[in-house]
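In: I would like the atomic coordinates for the input below:
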Amino acid sequence: MSVRGWLPLVGIVVCVFVFNMSEFMPIGLLTGIASDFGVTESAAGLIISVYAWAVAIISLPIMLLLRRMEYRRMLLLCVSLFAIFQMMSGLSNDYWVLMASRIGVAVAHSIFWSIATPLAVSVVDKGRQRFAVSCVAAGTSIAMIVGLPLGRVIGLAMGWRMTFFLIAAISVAVLLFLVIVFPKVENPGTFTLKRLPEVLRNRSVLGIYIALILIVTGIYTGYSYIEPFLLDFGGMPEGLVTIVLTVYGIAGILGSMLFTRYYGRLRFRFMLFAFAGNALALALLNPSAGMTFAIMAVVAFWGICATCFNVSFQNEMLRASPSDATAILMSMFSGLFNVGIASGSMLGGYVTDTVGVGNIGFAGAILAAASTVFVSLYLIGRIRSSEANSPSV
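Out: Numbering: from 1, shown residues only. Predicted coordinates for the structure are as follows:
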């Protein structure tokens with residue numbers, strides 16, 4: 001591919017970085033937001049959980065509404081909305097205005113994550129499609145390594161509003177870049193709501209969704225409370241906690257590289273490794289918490305497996321989707337992913353309040369293990385059967 005041929009993929013990956021940075025950025029800004037608006041930190045924290053539930057609820061309806069729109073226009077629309085609502089967040093002079101602006105960002109998020117991976121695959125040569133999916137995952141990992149700490153540093157130095165303004169400015173720059181380099185991508189536009197029950201009767205698609213909810217809930221039962229786990233249960237200083245979380249993000253890049261190299265040759269073994277690896281890592285959080293190098297090794301392994309799961313399952317979703325239903329089914333994938341995030345956060349909070357934060361890994365491991373059994377005993381068989389009956393897949 002020529003240099004210009006790679007530019008659309010670069011634009012998608014930068015968008016992935018910015019959207020991910022925005023999604024989790026408020027986590028590090030809650031104290032300042034709560035102080036400015038005179039609300040409790042738990043009330044400020046609602047902007048995170050409401051965001052996740054908004055994405056879960058909005059994703060499918062918004063994509064059904066836009067199902068006939070050409071994909072380049074849809075991408076430019078969602079990045080434009082994203083920039084506008086980020087600016088609105090920075091200008092918010094009231095808690096409810098900020099909440100409304102975050103719901104607006106969630107609308108843009110719903111559109112973007114429904115089309116990001118399909119577009120990344122569509123703008124590269126056929127032999128480089130797994131690499132394109134891997135790049136999308138790498139953008140997420142880089143956001144965790146660089147984006148979240150950067151947002152927190154800017155928020156502490158210049159106020160939380162400036163972090164939102166920065167995201168808005170970057171979004172406008174990315175929008176201009178996409179206007180110049182991104183090609184027109186036709187949307188078949190033939191999918192209708194009447195076909196949704198038919199698609200959901202596909203047992204491979206339904207199985208992917210069930211496994212997705214189980215594994216994501218398990219992962220975020222642990223990850224949502226990893227900071228207090230390391231601080232309070234592991235007894236780590238704050239600086240070391242930041243390093244451990246950075247290791248998780250760096251490991252995610254390695255996971256995306258492993259996907260590119262091995263998924264094509266070891267497809268189902270790779271999937272089982274990813275699922276079982278998440279269960280093992282979660283189970284080992286508690287025993288390794290008091291040993292610095294041990295917990296770093298466990299978290300690094302966890303970061304690899306979490307990314308391997310994410311990219312392999314996005315790829316499975318693309319393979320299982322009819323060509324005119326890809327964006328619709330990916331919108332449900334994104335929505336259910338956020339259901340898992342919100343459910344995991346709730347379960348992690350319940351475990352923390354009842355039996356202690358030290359047990360979040362065990363609780364998450366049970367769900368991750370259940371998803372592994374489901375994938376092993378049911379889903380892989382259904383996928384093989386479906387593909388045997390559809391040789392073109």
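
In: give me the number of residues near the closest residue to residue 15 other than its chain neighbours?
Out: In this structure, residue 15 finds its nearest non-sequential neighbour in residue 174, 5.9 Å apart by CB to CB, 6 or more residues apart in numbering. C-beta here means a position set from N, CA and C on the backbone, and glycine is covered the same way. When counting by other CB atoms under 10 Å, one arrives at 20 neighbours for residue 174.

In: what's the answer for residue 354, then?
Out: Residue 354: 8 neighbours (other CB under 10 Å).

In: what's the host helix or strand of the residue nearest to residue 15 packed up against?
Out: Element membership of residue 174, judged by DSSP states H and E, is helix 160-181. Under the contact definition 3 or more CB pairs under 8 Å, 6 or more residues apart in numbering; DSSP states H and E, helix 160-181 sits against helix 3-24, helix 30-37, helix 71-91, helix 148-158.

In: buried residues, the following helix or strand past it. List them.
Out: Next along the chain after helix 160-181, taking DSSP H and E as the criterion, comes helix 196-200. Neighbour-count burial for helix 196-200, counted by 16 or more other CB atoms under 10 Å, picks out 196, 199.

In: ok so, going back, tell me the contacts of the residue nearest to residue 15?
Out: By CB atoms under 8 Å, 6 or more residues apart in numbering, residue 174 lies in contact with 11, 14-15, 18, 79.

In: now it: how far from residue 75?
Out: 10 Å (CB to CB, to the nearest Å).

In: joint contacts of these two?
Out: Joint contacts of residue 174 and residue 75 (CB under 8 Å, 6+ apart) are residue 15.

In: how many neighbours does residue 294 have?
Out: Residue 294: 13 neighbours (other CB under 10 Å).

In: leaving out sequence neighbours, find the closest residue to it.
Out: In space, and not counting its chain neighbours, residue 294 is closest to residue 288: 3.9 Å by CB to CB, 6+ apart.

In: give the burial count for the one you found, as a bare number.
Out: There are 18 residues near residue 288, going by other CB under 10 Å.

In: quick check, it in contact with residue 301.
Out: No: look at residue 288 against residue 301 with CB atoms under 8 Å: they stay out of range, at 10.3 Å.

In: ok, which stretches of the stretch 251-393 of the chain are helices?
Out: With DSSP state H, counting those that start in this stretch applied, the stretch 251-393 of the chain shows helices at 267-288, 292-320, 326-354, 360-374, 380-389, listed in chain order.

In: any idea of the mean pLDDT in the first one?
Out: This means helix 267-288. For helix 267-288, the mean per-residue pLDDT is 95.

In: tilt between that helix and helix 360-374?
Out: 160 degrees (axes from the mean of the first three to the mean of the last three CA atoms, to 10 degrees).

In: what's the angle from helix 267-288 to helix 292-320?
Out: Using the same axes, to 10 degrees, helix 267-288 lies at 150 degrees relative to helix 292-320.

In: could you list the low-pLDDT ranges of the stretch 51-200 of the chain?
Out: 147-149, 151-152, 156, 189-192 (pLDDT under 70).

In: only the buried residues of stretch 298-307, if you could.
Out: Buried positions in stretch 298-307, judged by neighbour count with 16+ other CB under 10 Å: 298-307.

In: model confidence over stretch 224-236, on average?
Out: The model assigns stretch 224-236 a mean pLDDT of 85.

In: what's it in contact with?
Out: Residues outside stretch 224-236 that contact it (CB under 8 Å, 6+ apart): 222, 238, 240-241, 244-245, 285-286, 289-290, 292, 295, 299, 341, 344-345, 348-349, 352, 356-358, 360-361.

In: show the buried residues in those.
Out: Buried among the contacts of stretch 224-236 (16+ other CB under 10 Å): 222, 240-241, 244-245, 285-286, 289, 295, 299, 341, 344-345, 348, 352, 357-358, 360-361.

In: for the residue nearest to residue 15, give its distance to residue 126.
Out: Counting by CB to CB, the gap between residue 174 and residue 126 amounts to 26 Å.

In: equivalent analysis for residue 37, please.
Out: Distance, residue 37 to residue 126, using CB to CB: 51 Å.

In: and these two? Which one has more around it.
Out: Here residue 37 and residue 126 are compared on neighbour count by other CB under 10 Å; more neighbours surround residue 37, at 16 against 6.

In: mind listing what that one touches?
Out: So residue 37 contacts 44, 94-95, 98 (CB under 8 Å, 6+ apart).

In: same check on residue 252?
Out: Contacts of residue 252 (CB under 8 Å, 6+ apart): 137-138, 140-141, 144, 303-304, 306-307.

In: so how far is residue 75 from it?
Out: 24 Å.

In: what of residue 312?
Out: Counting by CB to CB, the gap from residue 312 to residue 75 is 24 Å.

In: try residue 388
Out: Distance from residue 388 to residue 75, by CB to CB: 35 Å.

In: and for residue 281?
Out: For residue 281, the distance to residue 75 (CB to CB) stands at 34 Å.

In: again, but for residue 203
Out: 32 Å.

In: which of those two has more neighbours?
Out: Per other CB under 10 Å, whichever of residue 203 and residue 75 has more neighbours is residue 75, with 24 against 16.

In: that one is in contact with residue 120, isn't it?
Out: No: Residue 75 lies out of contact with residue 120 (CB under 8 Å); the separation is 10.9 Å.

In: now residue 359: closest residue in space, sequence neighbours ignored.
Out: Excluding its sequence neighbours, the residue lying closest to residue 359 (CB to CB, 6+ apart) is residue 351, at 5.5 Å.
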